[in-house]
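*Asks:* Below are the sequence and a predicted model; questions follow.
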Amino acid sequence: MLTQDSVSCDETTTQELFTAAKQGDVDVFIRVVERYCSERNLRLCLRVILSPSRNPLLHVAAGLERDEILRAIVNHFPDQLVAGENCREDTALHLAARAGRVPTARVLISRASHFGGCNMRRTLVQVKNKRGNTPLHEAVVSGHLDVVRILIREDLQPTYWENKEGKCPVSLAVERGNVEVLRLLLAEPLDLSRIEGVSPVHAAVLHGKLDMLKEISERNPDLFGLKDDRGGTPLHLAAYIDYHDGIRFLREKFTSSTVEYDRDGHFPIHVACKQGHVQAIKELVRQWPDPMELINQHGQNILHVCTMHGRIEAVKYILGNADLEKLINEKDNDGNTPLHMATLPWHPVALLHLLLDKRVDLELVNNKCLTALDFAVEQTRRTDSRLQKVCTN
């Protein structure tokens, strides 16, 4: 059993170790470590490894770029190369990558290979911390090009892995706007099917990085074929967030994506209509001379979608554009016209704009032989029924 005196000795000796580590005094450091090991006291050995802030001595040395201290520590405690973690579950290599310590990264990887062979070296490079970041994620976020180069040379697998924010290193490079790191990562022969989380192109769109879009299109245009978890292309996302520069670039450079469906059966222009982004609609409608071709999988044209979602400005734009006149009375797969669609979910302002337009045919019926007026009557009946129930209760 340890006494209070031995605990005090622990604290004193631990302080000696940290002082030696900070000063780079290898001789003193090794003498203290050997004294601990000779005492064969498990608690003392543990105290050698951990600082009061739960930072292993290996981590302190890594952060200070003390190569001699690093070698001394891993010679006595080689298992700490992988097992030694701080409160954030960082290994020493995480800290070296975050701080851009190139010599330290090399020492850690080299010693891992010496003690544990390829498996230990690979494990060290692949370890994730609490944020789901590997050392490669940390190096990319911090923009340390040389460390990134070392890490991908050791193991390319972490390039594909997402962290807890759903971002792989390539997407993080795009988000940070680091062209040099992006070029380095894209120089590798990537298997696109293995990329996890947000795709690099979606990340460029989301963060409005037109320069990143151009860089990716030059380095690896196949990345533009990746879709999000809703089956959306980068152009779907650009239409959703109303990113005009991105829409123009994608429309001109990757024309076929303008007529790709997402999982809900919508083209990018329908996504813009759902959001009421008039400028985005204008950009996308330019691509096709015949607007009748812009039909979603429900047979709905862009006016159907705008009226269904009550997007007043978009409705006004379409009604005011002579080139889009033929859309006004078109029917979808259920036989509903845009007027039906404005009535069914009850968007009164959109409905009013349609009713005031003399080109709108009020008598058209859907597949159930119902006019828009029939829809309105049914809506009124349902509303009255609900009100009666509320009053009764």
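*Replies:* That came through, no problem.
*Asks:* use CA for all of it now, contacts and neighbours both
*Replies:* Fine.
*Asks:* Check which helix or strand the closest residue to residue 268 other than its chain neighbours maps to.
*Replies:* Distances taken as Cα to Cα, 6 or more residues apart in numbering place residue 236 nearest to residue 268, at 4.4 Å, with adjacent residues excluded. Here residue 236 sits within helix 234-241, counting by DSSP states H and E.
*Asks:* give me the low-pLDDT residue ranges for the stretch 101-250 of the chain?
*Replies:* Along the stretch 101-250 of the chain, segments meeting pLDDT under 70 span 113-121.
*Asks:* cutoff 80 now
*Replies:* 111-122 (pLDDT under 80).
*Asks:* Now do the helices in it.
*Replies:* 102-126, 135-142, 145-154, 169-176, 179-186, 200-206, 210-219, 234-241, 244-253 (DSSP state H, counting those that start in this stretch).
*Asks:* Distance to residue 376 and mean neighbour count added to those, as TSV?
*Replies:* Converted to TSV, the helices of the stretch 101-250 of the chain look like this (distance: least, Cα to Cα, whole Å; neighbours: other Cα atoms under 10 Å):
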stretch	distance to residue 376	mean neighbour count
helix 102-126	61	18
helix 135-142	56	26
helix 145-154	63	18
helix 169-176	48	26
helix 179-186	56	18
helix 200-206	40	25
helix 210-219	46	17
helix 234-241	30	25
helix 244-253	37	18
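*Asks:* Select, out of those helices, the one closest to residue 306.
*Replies:* helix 234-241 (13.6 Å; Cα to Cα).
*Asks:* which helices and strands sit right next to that closest one?
*Replies:* The contact analysis (3 or more Cα pairs under 8 Å, 6 or more residues apart in numbering; DSSP states H and E) places helix 234-241 against helix 200-206, helix 244-253, helix 268-275.
*Asks:* Make a markdown table from the ones you listed and add distance to residue 373 to it.
*Replies:* Output for these, formatted as a markdown table (distance: least, Cα to Cα, whole Å):
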| stretch | distance to residue 373 |
| --- | --- |
| helix 200-206 | 42 |
| helix 244-253 | 38 |
| helix 268-275 | 24 |
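*Asks:* quick one: which of these is nearest residue 260?
*Replies:* Nearest to residue 260, of the helices and strands packed on helix 234-241 and by Cα to Cα, is helix 268-275 at 7.5 Å.
*Asks:* distance between the next helix or strand after that closest one and the chain's centre?
*Replies:* Next in sequence after helix 268-275, counting helices and strands by DSSP H and E, comes helix 278-285. Centre-to-centre, helix 278-285 and its host chain are 26 Å apart (Cα atoms, centre = their mean, to the nearest Å).
*Asks:* Averaged pLDDT, helix 278-285. What do you get?
*Replies:* Throughout helix 278-285, pLDDT has a mean value of 96.
*Asks:* Now do residue 150 against residue 108, distance only.
*Replies:* 12 Å (Cα to Cα, to the nearest Å).
*Asks:* Ok, residue 301 next?
*Replies:* Relative to residue 108, and taking Cα to Cα, residue 301 is found at 60 Å.
*Asks:* one step back: quick one, which of the helices of the stretch 101-250 of the chain gets closest to residue 355.
*Replies:* Nearest of the helices of the stretch 101-250 of the chain (Cα to Cα): helix 234-241, 28.5 Å.
*Asks:* what's in contact with that closest one?
*Replies:* With Cα atoms under 8 Å, 6 or more residues apart in numbering as the test, helix 234-241 has contacts from 201-202, 205-206, 224, 227, 244, 246-247, 250-251, 257-258, 262, 267-269, 271-272, 275, 277, 280.
*Asks:* what's the angle between it and helix 268-275?
*Replies:* 20 degrees (axes from the mean of the first three to the mean of the last three Cα atoms, to 10 degrees).
*Asks:* returning to that earlier point: export the helices of the stretch 101-250 of the chain as a markdown table, with columns for distance to residue 311.
*Replies:* Output for the helices of the stretch 101-250 of the chain, formatted as a markdown table (distance: least, Cα to Cα, whole Å):
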| stretch | distance to residue 311 |
| --- | --- |
| helix 102-126 | 48 |
| helix 135-142 | 40 |
| helix 145-154 | 47 |
| helix 169-176 | 31 |
| helix 179-186 | 39 |
| helix 200-206 | 23 |
| helix 210-219 | 28 |
| helix 234-241 | 14 |
| helix 244-253 | 19 |
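*Asks:* do you know which of those helices lies nearest residue 380?
*Replies:* Across the helices of the stretch 101-250 of the chain, closest to residue 380 is helix 234-241 (Cα to Cα), at 33.0 Å.
*Asks:* partners of the residue sitting nearest the centre point of the chain in the sheet?
*Replies:* Nearest to the mean C-alpha position of the chain, counting by Cα atoms, centre = their mean, stands residue 198 at 3.6 Å. Beta bridges link residue 198 to residue 167, judged by DSSP bridges.
*Asks:* Relative to residue 321, how far out is it?
*Replies:* For residue 198, the distance to residue 321 - Cα to Cα - is 37 Å.
*Asks:* again with residue 268
*Replies:* 20 Å.
*Asks:* Compare neighbour counts for the two and give me the winner.
*Replies:* residue 268 (30 against 9; other Cα atoms under 10 Å).
*Asks:* Would you mind confirming that that one is in contact with residue 259?
*Replies:* Yes - here residue 268 reaches residue 259: they are 7.4 Å apart, a contact under Cα atoms under 8 Å.
*Asks:* Which residues are in contact with the residue nearest to the centre of the chain?
*Replies:* 166-168, 171, 228.
*Asks:* Tabulate the residues you listed (TSV), appending distance to residue 357.
*Replies:* As requested, the contacts of residue 198 are exported to TSV (distance: Cα to Cα, whole Å):
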residue	distance to residue 357
166	48
167	49
168	51
171	48
228	39
